[in-house]
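> I would like to see how this sequence folds:
(2 chains)
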There are 2 protein chains.
Amino acid sequence: MRIHGTDVGQRSETVRRANLSAIVRGLHEHGPMSRSELVAATGLTRSAIRGLVGELAGAGLVTEAPAVRLGTPGRPSPMVRLNPHGATVLAIEILVDSIAAAIVGLGGETLAEIRVDRPRGHLSVDSVVADLAGLTRELQASVHDPLIGIGVAVAGVVRRSDGLVSMAPNLGWVDVPLGAHLARALGTTIPIAVANDADLGVLAEHRRGAAVGVDDVLYVSGEVGVGGGAITGGVPLTGVAGYGGEIGHMPANPDGVACRCGSTGCWETEVGEGALLTLAGLPSDAGRDGVEAVLRDAEAGSPAAVAALHHVGRWLGIGLAGLVNLLNPRLVVLGAMHGRIYPFVRATIEAEIATRALPAPRAIVRIVPASLGADAPLLGAAELAFEPLLADPASRVGARDGAIHLATA
Amino acid sequence: MRIHGTDVGQRSETVRRANLSAIVRGLHEHGPMSRSELVAATGLTRSAIRGLVGELAGAGLVTEAPAVRLGTPGRPSPMVRLNPHGATVLAIEILVDSIAAAIVGLGGETLAEIRVDRPRGHLSVDSVVADLAGLTRELQASVHDPLIGIGVAVAGVVRRSDGLVSMAPNLGWVDVPLGAHLARALGTTIPIAVANDADLGVLAEHRRGAAVGVDDVLYVSGEVGVGGGAITGGVPLTGVAGYGGEIGHMPANPDGVACRCGSTGCWETEVGEGALLTLAGLPSDAGRDGVEAVLRDAEAGSPAAVAALHHVGRWLGIGLAGLVNLLNPRLVVLGAMHGRIYPFVRATIEAEIATRALPAPRAIVRIVPASLGADAPLLGAAELAFEPLLADPASRVGARDGAIHLATA
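Purely as a prediction, here's the structure:
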């Protein structure tokens, strides 16, 4: 047994590391701040902030610039901002119909990004990994900053500890050691963290999107599959191994149809893209263009399209009511297809929630569409890759000897 | 905006408080330890432990006794244990068919407890509060140790910030400011924390019962209503206001019957006591005796009793499969009626989970009956009341001037 404590013998180093982390995390999550704002935000003294910011500047992680004087009294306080080129991560996204890669700088600025649409259907792991290695080479031709981590978002059930994709039914993958495959293809020993796309989507919406400043958020993101991610009390709800958040596979309709996960009547079978398209009389694989067609038809008054949207909206509302009762979120963020159809199903969702959610949590929750679009999982992958640096920037302070590059020859 | 940081100007006091907390929390959660074990568990130096334990002993919070020599080499290290009389809390439990009060000492020892069964049905808040004040007076006649907090478990939806019971359908309460009522009836200004009974049940099972050492736990506890509580990553899942965990009111059967919450087809309507009794041909209000009768009948081969148990087991399995997919827990703990019927429905539950839970989280989860029985919410209420002391025992160190008593005249 080990209980939490602070080693008195090392306490000044522990405190220094915690303070560096507070500064870097604050700037990363909230943007540039003046030294005075950092003093106010951290509770540290002015001289402590000056010293710590100096250390970070020495390591190339922050830059300082004179503040523009805005008519407030007192001496202008230098503005401190993260240097996006001081530390970068490679973010990768593997969805059912696209792959993407980006290099993101500290502070969250995307320095380069490539997205490639792909036909849907099962894809071999080898071909996906080879394509991603190609995208990575392209990105690295234009960005040469130090790379400190790799984050991967994949539309599947992922074991966080080693990046094993237990199951990605819409890609056709079972027990794929994706982290290891990528490390080999990229020829790198830089840490690779893999997670479920919706779990990273909610992280991105929380840091940079529709849920900034909200610590209890449920994210629902439907396309071929229906994924979910939650943040409760500011902490991602991952479960014991990282498999948590699979709201698409909560039983919703015991009399429902077969789900590709092997069960029947999962929420996904009632609120996923396939359900909407089929009910509207389109092929279940008509994809995003099909969804747009359903919305156009509904606007033109097509009864089938209107009924299909009503069905999906009703089941969305039923499932969300249960999740509101379970998780008591302040915000529900609807991503991908569900964000797109939200204006059409809003009233239906709200009617179900009014009937089925308990009054207390219902009075608190708001439902909004996502704001980051298809990039949410990619940006979340970058956040995942930055996490070790945010938790302990001291590991980089002093390490000024230039870029670490992937060997992708 | 305020970002986390440590005020350098106060850092030695901050570190001292954190270290006192680590020791007291460790002893409270894990039991007595030798000074050597505390050194190993906290990472603090031997002299730091001696000094901090001395401070705690001076405040009456711990006692030290020579260790029994067990043949291990080296000098025996004094055993440090919490003094249950050094700080106590009043724990209160308000269930549908009983009320209880206990005085619990630091470390978790119950020093005195009274439980009173009551007929089911709606109860006025005033009568419950008056009865609890009476129980408290009885307890205080026998225990005179310093009382530092009051924790209350109630079978309802509770706002944590102020102890408002938004809704307790089985008691007939709506928007009852229970914390304020109790403070007035007890004539005290000691902090009163109120929470949902199942949320406190899982806290107790986590600290003292079937889920010790397990940081990802789902607790399901059915009686008249079906409550739930979850701990994820070691942290209680409360939601933004404390309303979280209402798994009994997740929509389960869209074609189901009316629920007393106002919705239809809630999980509670399929797996609650009323469902079991009605399906077995008994009155829905036959209570715990009725449940025992169903189990006896099932053992004797009664088809109605067997079918009733199968129905409840099947719906338990369906709902648990969804919760396993959502929360990825290591352990599911079944309390109250669900713990009682578990031996009879185990195979049915497991069959549903095998079909409906995703392979990855399914391979991890175990299902066990609760181990603390009806006392779980009461013990959880004590844990809730101890939390401020565990987080900052420094607030008590030096405060040695005797007992703080409730004025219950």
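> For the rest of this, base every contact and every neighbour count on C-alpha atoms.
Fine.
> quick one: residue A:32 and residue A:145, what's the gap?
Distance of residue A:32 to residue A:145, given as Cα to Cα, to the nearest Å: 20 Å.
> And the pLDDT at the closest residue to chain B within the stretch 151-300 of chain A?
Relative to chain B, the nearest point of the stretch 151-300 of chain A is residue A:250 (4.0 Å; Cα to the nearest Cα). We have a pLDDT of 95 for residue A:250.
> so who does it touch?
Residue A:250 makes contacts with A:266, A:267, B:319, B:321, B:322, B:323, B:325, B:326, as judged by Cα atoms under 8 Å, 6 or more residues apart in numbering or on different chains.
> Make a markdown table from those and add secondary structure, neighbour count and pLDDT to it.
Formatted as a markdown table, the contacts of residue A:250 follow (DSSP: H, G, I helix; E, B strand; the rest coil; neighbours: other Cα atoms under 10 Å in any protein chain shown; pLDDT from 0 to 100):
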| residue | secondary structure | neighbour count | pLDDT |
| --- | --- | --- | --- |
| A:266 | strand | 27 | 96 |
| A:267 | helix | 24 | 97 |
| B:319 | helix | 27 | 97 |
| B:321 | helix | 26 | 97 |
| B:322 | helix | 25 | 97 |
| B:323 | helix | 24 | 98 |
| B:325 | helix | 28 | 97 |
| B:326 | helix | 26 | 97 |
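> nearest to residue A:231, of the residues you listed?
The shortest approach to residue A:231 among the contacts of residue A:250 belongs to residue B:326, at 12.5 Å (Cα to Cα).
> and the residue lying closest to the closest one once chain neighbours are set aside, what does it touch?
For residue B:326, the nearest residue in space outside its immediate sequence neighbours is residue A:245; the separation is 4.5 Å by Cα to Cα, 6 or more residues apart in numbering or on different chains. With contacts defined as Cα under 8 Å, 6+ apart, the neighbours of residue A:245 are A:199, A:227, A:228, A:229, A:230, A:237, A:238, B:325, B:326, B:327, B:328.
> what about the strands in the stretch 201-350 of chain A?
Along the stretch 201-350 of chain A, counting by DSSP state E, counting those that start in this stretch, strands occupy A:217-222, A:226-232, A:235-236, A:331-335.
> Output the first one as PDB, nothing but the C-alphas.
The C-alpha trace of strand A:217-222 is given here as PDB (Å, rounded to 0.1, in the frame of the first residue of the first chain):
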ATOM      1  CA  VAL A 217     -20.000  17.400 -19.900                       C
ATOM      2  CA  LEU A 218     -21.500  14.500 -22.000                       C
ATOM      3  CA  TYR A 219     -20.500  14.300 -25.600                       C
ATOM      4  CA  VAL A 220     -22.400  12.300 -28.100                       C
ATOM      5  CA  SER A 221     -21.100  11.900 -31.600                       C
ATOM      6  CA  GLY A 222     -22.900   9.800 -34.100                       C
END
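> angle of that strand against strand A:331-335?
20 degrees (axes from the mean of the first three to the mean of the last three Cα atoms, to 10 degrees).
> Tell me which other helices or strands strand A:217-222 touches.
Other elements packing on strand A:217-222 under the criterion 3 or more Cα pairs under 8 Å, 6 or more residues apart in numbering or on different chains; DSSP states H and E are helix A:197-208, strand A:226-232, strand A:331-335, helix A:336-356.
> Run through the neighbouring helices and strands of the shortest one.
Meaning strand A:331-335. strand A:217-222, strand A:366-369.
> Which phi and psi values does residue A:329 adopt?
Geometry field for residue A:329 lists phi and psi as phi -80, psi 160, criterion degrees, to the nearest 10.
> From chain B, how far out is it?
With distances defined as Cα to the nearest Cα, to the nearest Å, the gap from residue A:329 to chain B amounts to 6 Å.
> Distance check, the residue lying closest to that residue once chain neighbours are set aside against residue A:371.
With Cα to Cα, 6+ apart as the measure, residue A:216 is the residue that lies nearest to residue A:329, at 4.8 Å, once sequence neighbours are left out. In this structure, residue A:216 lies at 17 Å from residue A:371, with Cα to Cα as the measure.
> Comparing these two, which residue is more hemmed in?
The residue with the greater number of neighbours, taking residue A:216 and residue A:371 and applying other Cα atoms under 10 Å in any protein chain shown, is residue A:216; the counts read 25 against 19.
> Now for residue A:183: which residues touch it?
For residue A:183, the set of contacting residues under the criterion of Cα under 8 Å, 6+ apart consists of A:189, A:190, A:192.
> what about it, which SS state?
At residue A:183 the chain is in helix, as set by DSSP: H, G, I helix; E, B strand; the rest coil.
> Just the buried residues of the helix-or-strand element of chain A with minimal mean pLDDT, please?
The least trusted helix or strand in chain A, going by mean pLDDT, DSSP states H and E, turns out to be helix A:11-30, with a mean of 88. Of the residues in helix A:11-30, those buried under the neighbour-count criterion (16 or more other Cα atoms under 10 Å in any protein chain shown) are A:15-30.
> Against which helices or strands is the next helix or strand after that helix packed?
For helix A:11-30, the following helix or strand on the C-terminal side (DSSP states H and E) is strand A:33-34. Using 3+ Cα pairs under 8 Å, 6+ apart as the contact criterion, the secondary-structure elements in contact with strand A:33-34 are strand A:79-82.
> Distance check, residue A:103 against chain B.
Here the distance between residue A:103 and chain B works out to 27 Å (Cα to the nearest Cα).
> and the gap between the residue lying closest to residue A:344 once chain neighbours are set aside and chain B?
Once flanking residues are discounted, residue A:344 sits nearest to residue A:309: 7.2 Å by Cα to Cα, 6+ apart. In this structure, residue A:309 and chain B are 18 Å apart, going by Cα to the nearest Cα.
> Look at residue A:309 and say how many residues are nearby.
Look at residue A:309: counted by other Cα under 10 Å, it has 25 neighbours.
> now residue A:258
A total of 12 residues lie near residue A:258 under the criterion other Cα under 10 Å.
> Distance to residue B:347 added to the contacts of residue A:250, as TSV?
As requested, the contacts of residue A:250 are exported to TSV (distance: Cα to Cα, whole Å):
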residue	distance to residue B:347
A:266	22
A:267	25
B:319	15
B:321	14
B:322	17
B:323	18
B:325	19
B:326	22
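> Closest one of those to residue A:106?
Ranking the contacts of residue A:250 by separation from residue A:106, with Cα to Cα as the measure, puts residue B:326 on top at 31.7 Å.
> give me every residue that touches that closest one.
Residue B:326 sits in contact with A:244, A:245, A:246, A:247, A:250, where contact means Cα under 8 Å, 6+ apart.
> how about the nearest residue to the last one, chain neighbours excluded?
Nearest residue to residue A:250 in three dimensions, chain neighbours excluded: residue B:322, at 4.0 Å (Cα to Cα, 6+ apart).
> Quick check: the one you found vs residue B:25, distance?
Distance from residue B:322 to residue B:25, counting by Cα to Cα: 34 Å.
> One more: residue A:136?
With distances defined as Cα to Cα, the gap from residue A:136 to residue B:25 amounts to 48 Å.
> likewise residue A:129?
To residue B:25, residue A:129 is 47 Å away according to Cα to Cα.
> show me where the stretch 101-250 of chain A has helices.
Chain-ordered helices for the stretch 101-250 of chain A, with DSSP state H, counting those that start in this stretch as the definition, fall at A:125-142, A:178-186, A:197-208.
> need the ones you listed in CSV with mean pLDDT, can you?
Putting these into CSV (pLDDT from 0 to 100) gives the following:
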stretch, mean pLDDT
helix A:125-142, 95
helix A:178-186, 96
helix A:197-208, 96
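> so which of the ones you listed is the most packed in?
For those, ranked by mean neighbour count under the definition mean count of other Cα atoms under 10 Å in any protein chain shown, the leader is helix A:197-208 at a mean of 28.
> Briefly note if that one comes near chain B.
No - where contact is defined by Cα under 8 Å from any Cα of the partner chain, no part of helix A:197-208 touches chain B; the two come within 11.6 Å at best.
> and that helix, how far out from the chain's middle?
With Cα atoms, centre = their mean, to the nearest Å as the basis, helix A:197-208 stands 3 Å off its chain's centre.
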